[in-house]
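In: Quick one: sequence and predicted model below, then my questions.
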Amino acid sequence: MNEENITRIQIGTKEYILIGTAHVSKNSAELVKEVIEAEQPDSVCIELDQGRYQSITEGNKWQDMDIFKVIKEKKTTLLLMNLALSSFQKRIADQFGIKPGQEMIQAIESAKEIDAKLVLADRNIQTTFARIWANIGFKGKMTLLTEIIYSIFSKETITEEELEQMKSKDTISSVLNEFTEHFPELKKPLIDERDQFLAEKIRRAPGEKIVAVLGAAHVPGITKEIHKRHNLKELTKVPPKSKWPKIIGWSIPIFIVALIAYTFFTNPDIGLQQTWSWIFWHSSLAAIGAAVAFGHPLTILTAFITAPFTALNPVLAVGFIAGFVQALVKRPNVKDFESLSKDITSVKGFWRNKVTRILLIILLSNLGGSLGTFISGADVLRLFFKNIKKVGVFKAELHYYF
């Protein structure tokens, strides 16, 4: 047995055997089978939560998705992130002719064969994303979304040798060091906290001999953290939403409306220019966003009409309304859900599939509407100061004559 990617830890009477894998490696799946059959553990821990376990075992999970519910609950960004991450993993898996997560499927099957207890050891992915989202700030959010969009467009391929090197602890350490240097906000919730969560779940696994099947990136952290006790309740707590986005979200439209109202009172012509600027930039950019995503003409028209009004109400968003209309006029069918896992592996597929097209419409329409707020807001301010200057000159002239 090749011990290179195996870490053995003894704590009291319990032995923990950690298998470091690359999630899209055929050799990883073979190693998992070999280790479990040879060691005959009491428990097998896998790096999956309940949702991902169901997805990987049921296979047709996408078919049960209610796209209207996703839009209503405003989970489209989370879904798009999941799809983009799955896209990269599936492209590599297809490159080598294997199934994504094959080592996890093998661990599940091998655990059943030897009647070992199966432990789902990872934290809920929605909790991880929520903790990431709450801690990275506006700049971090924009960077993360940019990386997600880039991953969709990327045609990156790797060699089988590079894939196997992903299981090397030294390689993983250097990657994580680079990761921390360029995007430190993500490492804590994505790697460090999950190391602690995984370590605690593995430590608590029943029996005297436990095998854990993990992504190689987590093995060094778990090796350190498994000797400590961790509070799972604290690690699964979703941070409360900050009040500041809501305060800012309401303050901007109130401020803009106040500026336009004042300008109308002092100079109706300039007030009308401000109003048209607000309408033009929001309507045109939101509609362009829907059009770039190949939205239905009715969807594009909806984005055009509603954008100036939704910009004044932070509870609403032009993308969600446009996406809802798109879902009504071009409702995804069973075939779209069945082909979703294949379509997300290419840019063309993202635009062709009715499900991902809805997500793109929501994202790009919202992006256009946000850009419209910045541009038209700046123009409203420009016209406001222009009007103030005119009012000042007018008052000076009145003072001169009287």
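Out: Yep, that arrived. Residues are numbered from 1 along each chain as shown.
In: Let me see the domain layout of the chain.
Out: 6-235, 244-393 (automatic domain parsing).
In: ok, and which of the ones you listed has the densest surroundings?
Out: Burial of these is given as mean neighbour count (mean count of other Cβ atoms under 10 Å); domain 244-393 ranks first at a mean of 19. For every residue, glycine as well, the C-beta is placed using N, CA and C.
In: ok, so what distance separates A212 from A121?
Out: Remark: distance between A212 and A121 (Cβ to Cβ, to the nearest Å) = 7 Å.
In: Overlap in contacts, the two.
Out: C45, I46, E47, L198, I202, A205 (Cβ atoms under 8 Å, 6 or more residues apart in numbering).
In: With respect to I105, which of the residues you listed is nearest?
Out: For I105, the nearest member of those is I46. The distance, counting by Cβ to Cβ, is 9.5 Å.
In: Spit out the contact partners of the closest one.
Out: By Cβ under 8 Å, 6+ apart, the contact set of I46 is Y53, M104, A107, I108, L118, V119, L120, A121, D122, A212, V213.
In: Grab the two from these that are most spread out in space.
Out: With Cβ to Cβ as the measure, no two of the contacts of I46 lie farther apart than Y53 and A212, at 15.0 Å.
In: hang on, the earlier thing: lowest-confidence stretch among the domains of the chain?
Out: Lowest mean pLDDT within the domains of the chain: domain 6-235, a mean of 77.
In: thinking again about what came up before, need the max-distance pair from the shared contacts of A212 and A121.
Out: So, these by Cβ to Cβ: farthest apart are E47 and A205, at 13.1 Å.
In: list the residues that contact both of the two?
Out: With Cβ under 8 Å, 6+ apart as the test, E47 and A205 both reach A121, A212.
In: Which residues does stretch 358-368 contact?
Out: 67, 71, 76-77, 79-80, 83, 285-290, 292-293, 295, 299, 303, 307, 317-320, 322-323, 326-327, 330, 332, 350-351.
In: Please repeat the previous calculation with a cut-off of 7 Å.
Out: Outside stretch 358-368, the residues within contact range by Cβ atoms under 7 Å, 6 or more residues apart in numbering are 67, 76, 79-80, 285-286, 288-290, 292-293, 295, 299, 303, 317-320, 322-323, 326-327, 350-351.
In: Helices of the stretch 201-350 of the chain, start to end?
Out: 219-225, 232-235, 244-266, 268-292, 297-310, 318-329, 334-338, 340-343, 347-352 (DSSP state H, counting those that start in this stretch).
In: Let's have those helices in JSON lines, adding distance to L186.
Out: Below are the helices of the stretch 201-350 of the chain laid out as JSON lines (distance: least, Cβ to Cβ, whole Å):
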{"stretch": "helix 219-225", "distance to L186": "14"}
{"stretch": "helix 232-235", "distance to L186": "16"}
{"stretch": "helix 244-266", "distance to L186": "20"}
{"stretch": "helix 268-292", "distance to L186": "27"}
{"stretch": "helix 297-310", "distance to L186": "30"}
{"stretch": "helix 318-329", "distance to L186": "25"}
{"stretch": "helix 334-338", "distance to L186": "30"}
{"stretch": "helix 340-343", "distance to L186": "25"}
{"stretch": "helix 347-352", "distance to L186": "23"}
